[in-house]
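[1] Predicted model follows, preceded by the sequence.
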Amino acid sequence: MDDTPTTPSGTVTIAPSVLTTIVRMTTLAEPGVLRLSPRTPSGLGRMLSRDAVSEGLRVEIFDDNSVNIDVHVIADPSTSLQDLGTRLQNRLARAMEYMVGMDVREVNVYIDEISFDAPGSPG
């Protein structure tokens, strides 16, 4: 007798709002990110119903279960902006692949501002 468990038939559906929550939390946890930019990503007028949009970020969902991520941030001026962007790209892709099993086509990081009003910022 085979004791190997079988996977039941059916589907797993993850709401687009869950994807934006993952992107938001991963982005805000990154050292050097002060907050999401209040700017809304462009192209919202052409948005598909399967896209997930929240202030400062967008997750575009494709039929093959892959995604594009756009994130707009306000950065700490004491951080290397290039390094911050690269770290965000890597961490966002890993979070999406690990947590929900979706392939990531691209991660676009837009550093819209640096803020000198943050505690500990020079100036």
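    The structure has been received and is ready for your questions.
[2] just the helices in this structure please.
    Remark: helices assigned in the chain by DSSP state H are 16-28, 81-100.
[3] Tell me where the protein has strands.
    Assigned by DSSP state E, the chain shows strands spanning 33-36, 52-54, 57-61, 66-75, 103-114.
[4] So which of those is nearest residue 15?
    With Cβ to Cβ, the closest approach to residue 15 among those belongs to strand 52-54: 8.2 Å. (Glycine included, C-beta is placed from N, CA and C.)
[5] what mean pLDDT does the closest one have?
    Model confidence over strand 52-54, given as mean pLDDT, is 63.
[6] do stretch 67-82 as well
    On average, stretch 67-82 scores 96.
[7] Would you mark the buried spots in that stretch?
    67, 69-76, 79 (16 or more other Cβ atoms under 10 Å).
[8] and that stretch, how far apart are its ends?
    Using Cα to Cα, to the nearest Å, the end-to-end distance of stretch 67-82 comes out at 23 Å.
[9] helices and strands of the protein: which one has the lowest mean pLDDT?
    strand 52-54 (a mean of 63; mean pLDDT, DSSP states H and E).
[10] Just give the nearest non-adjacent residue to the residue nearest to the spatial centre of the chain, would you?
    Residue closest to the average C-alpha location in the chain (Cα atoms, centre = their mean): residue 23, at 2.9 Å. Among residues not flanking residue 23 along the chain, residue 57 sits closest, at 5.2 Å (Cβ to Cβ, 6 or more residues apart in numbering).
[11] Done for today, thanks.
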